[in-house]
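# Structure of the sequence below:
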Amino acid sequence: MATPGDLPAPEQGLLLTHFLTVRDVALSRRFYAEIFGGDIVLEENPAIVKVANSWIIMNPGGGPTPDKPGITLVPPEENGTVSAFLNVRVADIASFYADAQVKGARFLTHPLDRKAELRCYLRDPDGYLIEVGQATGMLKGVFADRPDGSRASPP
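Got it, this is the predicted structure:
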């Protein structure tokens, strides 16, 4: 049973959580607990997994409710189009990558050097895209090139 301190409920101000509409709550809950070392706070309705200093909240999709009229929640389609993704920062990407692969994570590529950072992507069981990155060059003022090929300058 979750204690009040485990739940994403600030005593003042705000905190951010991320809600995912999932097809299989148990599968997704296990994925985030195992791959990211999260603690399961609630099993379901909704499932909540605390990962580092954040919470991932998961529930099946559904139709409109009084507080979100006209809105239907569905997991991502499998067409390769993405409008948002989780961005996870790690201290040691090589260790994270190796450990996550052993636990069954399937990455799109191995970690690639993007000048500012090393990064790679994986998908969760519902197809949500997750970027995993480690700051490298940006810590020394080296940033990734812009999409147009021009060099980025420090802020």
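
# Show me how the record splits this structure into domains.
Per automatic domain parsing, the domain ranges recorded for the chain read 1-62, 76-155.

# Among those, which comes closest to Lys68?
Checking the domains of the chain against Lys68 by C-beta to C-beta gives domain 1-62 as the closest, at 9.7 Å. Placement of C-beta: from N, CA and C, glycine included.

# How far does the closest one sit from its chain's centre?
11 Å (C-alpha atoms, centre = their mean, to the nearest Å).

# which parts of stretch 112-125 are buried?
By 16 or more other C-beta atoms under 10 Å, the buried positions in stretch 112-125 come out as Arg114, Ala116, Glu117, Leu118, Arg119, Cys120, Tyr121, Leu122, Arg123, Asp124, Pro125.

# Between all of these, which two are separated the most?
Ala116 and Pro125 (29.7 Å).

# could you check the distance from Asp124 over to Arg30?
Using C-beta to C-beta, to the nearest Å, we find Asp124 at a distance of 11 Å from Arg30.

# any low-confidence regions in this structure?
1-2, 4, 152-155 (pLDDT under 70).

# in it, which spans are strands?
Secondary structure of the chain (DSSP state E): strands at 18-21, 39-42, 47-51, 54-59, 86-89, 112-113, 117-123, 129-135.

# so which of those strands is the most packed in?
Most buried of the strands of the chain by mean neighbour count (mean count of other C-beta atoms under 10 Å) is strand 47-51; its value is a mean of 22.

# Parallel or antiparallel, which strands does that one pair with?
Strand pairing for strand 47-51, using DSSP bridges, gives strand 39-42 (antiparallel), strand 54-59 (antiparallel).

# Find the residue at the geometric middle of this structure.
The structure's the chain has its C-alpha centroid closest to Leu86; by C-alpha atoms, centre = their mean the separation is 3.2 Å.

# wait, isn't it in contact with Gly133?
No: using C-beta atoms under 8 Å, Leu86 makes no contact with Gly133, being 11.1 Å away.

# returning to that earlier point: so which of the strands of the chain gets nearest Glu11?
strand 54-59 (15.4 Å).

# any idea how far Lys68 lies from Met58?
For Lys68, the distance to Met58 - C-beta to C-beta - is 17 Å.

# Nice, that's everything, thank you.
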